[in-house]
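K.L.:
quick check, what structure comes out for this input:
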Amino acid sequence: MRLLELAHARSGDKGDTANVGLIALKPEYYPVLVKQVTAARVTRHFKGMINGPVERYELPNLHALNFLLHGALDGGGTISLKTDAQGKVFSTALLRLEVDLAK
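P.N.:
I've put the predicted structure just below:
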């Protein structure tokens, strides 16, 4: 199933880095997010869209993960010619990632 069924997300920019928060819709979904939505998997999911590494931070008290996608915004909102220079669509794109509840 897609992450959209387990979580909601929000994204924005910090210079050339997109910041994506992924929040479990129910506390019991959080372990699935932790296990399956790794930095390596997010890197593969955004292959060709970002030029730098992906960092993941766990926020268990919020049942959330936070990802920093470095090199995602072509220099940042003030200089980028990208249509989405503030990285707002990265959250929607991440919610398309598929996970397996049986794992």
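K.L.:
pLDDT weak spots in the protein?
P.N.:
Within the chain, the segments meeting pLDDT under 70 span 74-88, 103.
K.L.:
for it, what spans make up the strands?
P.N.:
7-14, 17-24, 54-59, 64-69 (DSSP state E).
K.L.:
for E98, which of those strands is the nearest?
P.N.:
Among the strands of the chain, the nearest to E98 by C-beta to C-beta is strand 7-14 (12.5 Å). Where C-beta positions appear, they are placed from N, C-alpha and C, glycine not excepted.
K.L.:
so what are the sheet partners of the closest one and their directions?
P.N.:
strand 17-24 (antiparallel) (DSSP bridges).
K.L.:
quick one, what contacts the residue most central in space within the chain?
P.N.:
The centre of the chain sits closest to V20, judged by C-alpha atoms, centre = their mean, with a distance of 4.2 Å. Taking C-beta atoms under 8 Å, 6 or more residues apart in numbering, we find V20 in contact with 9-11, 66-67, 69, 87, 90-91, 94.
K.L.:
which among those residues end up buried?
P.N.:
9, 11, 66-67, 69, 87, 90-91, 94 (16 or more other C-beta atoms under 10 Å).
K.L.:
show me which of the residues you listed is closest to I50.
P.N.:
Of all the buried ones among the contacts of V20, I50 sits closest to L69, with 4.9 Å by C-beta to C-beta.
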